[in-house]
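Trainee: need the 3D shape of this:
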Amino acid sequence: MLSEQNLSLLKESAEHYGLNIAPGQLEKFSKYAELLTEWNEKINLTAIIDPEGIVIKHFSDSLSIMPLIPREAKTFIDIGTGAGFPGIPLKIMQDHLKVTLLDSLGKRVKFLNEVCEKLSLKGIESFHGRAEDYGTDKNYREKYDVASARAVASL
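Mentor: Numbering: from 1, shown residues only. Okay, here's the model as predicted:
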């Protein structure tokens, strides 16, 4: 769980982007940080595991793109999501957004599924696969209003 200090840091960061985080959303971010730390002991999800680093480098950085997402956007794909950034934080903040998480490692997808279940997130799905494969699949190509690719290799 995140400390009050780290939760305040997250709120301040969100306010910087013109966002307000409700108490229930703060609880979800806190639980997400807890799951990230717990799972990171089993599988390598991230090198950033201290609570303040999680807030700044993962949560805040993820929220920084929210002002760029058009209000009318309904679907979002996070390519190479890794530990779920920025897809899961965006889903926490914008419940109406249908989010797809795509990652090339099955063990990370297991983590993502557990996070979504534990946080009771609906309208979010996780897939194991490579971007170049999904990019040529007519069921996925050009089917999203917004796409994100953070720290992925060139295709």
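Trainee: list the contacts of Pro67.
Mentor: Tyr17, Gly18 (C-beta atoms under 8 Å, 6 or more residues apart in numbering). (Each C-beta comes from the backbone N, C-alpha and C, glycine too.)
Trainee: let's have the chain start at 27 instead
Mentor: All right, first residue 27 from here; so that's Pro93.
Trainee: in this protein, which spans are strands?
Mentor: 101-105, 124-129, 150-154, 172-175 (DSSP state E).
Trainee: pick the most buried one from those strands.
Mentor: Ranked by average neighbour count under the criterion mean count of other C-beta atoms under 10 Å, the strands of the chain are headed by strand 124-129 at a mean of 24.
Trainee: what is the least confident helix or strand in the protein?
Mentor: Of all helical and strand segments in the chain, the minimum by mean pLDDT, DSSP states H and E falls on helix 157-160, at a mean of 80.
Trainee: report the buried residues of that one.
Mentor: Within helix 157-160, the residues that qualify as buried are Ala157, Tyr160, counting by 16 or more other C-beta atoms under 10 Å.
Trainee: show me how far that helix is from its chain's centre.
Mentor: 19 Å (C-alpha atoms, centre = their mean, to the nearest Å).
Trainee: can you list the strands of the chain in JSON lines and add mean pLDDT and distance to Asp76?
Mentor: Converted to JSON lines, the strands of the chain look like this (pLDDT from 0 to 100; distance: least, C-beta to C-beta, whole Å):
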{"stretch": "strand 101-105", "mean pLDDT": "96", "distance to Asp76": "23"}
{"stretch": "strand 124-129", "mean pLDDT": "97", "distance to Asp76": "23"}
{"stretch": "strand 150-154", "mean pLDDT": "96", "distance to Asp76": "26"}
{"stretch": "strand 172-175", "mean pLDDT": "92", "distance to Asp76": "24"}
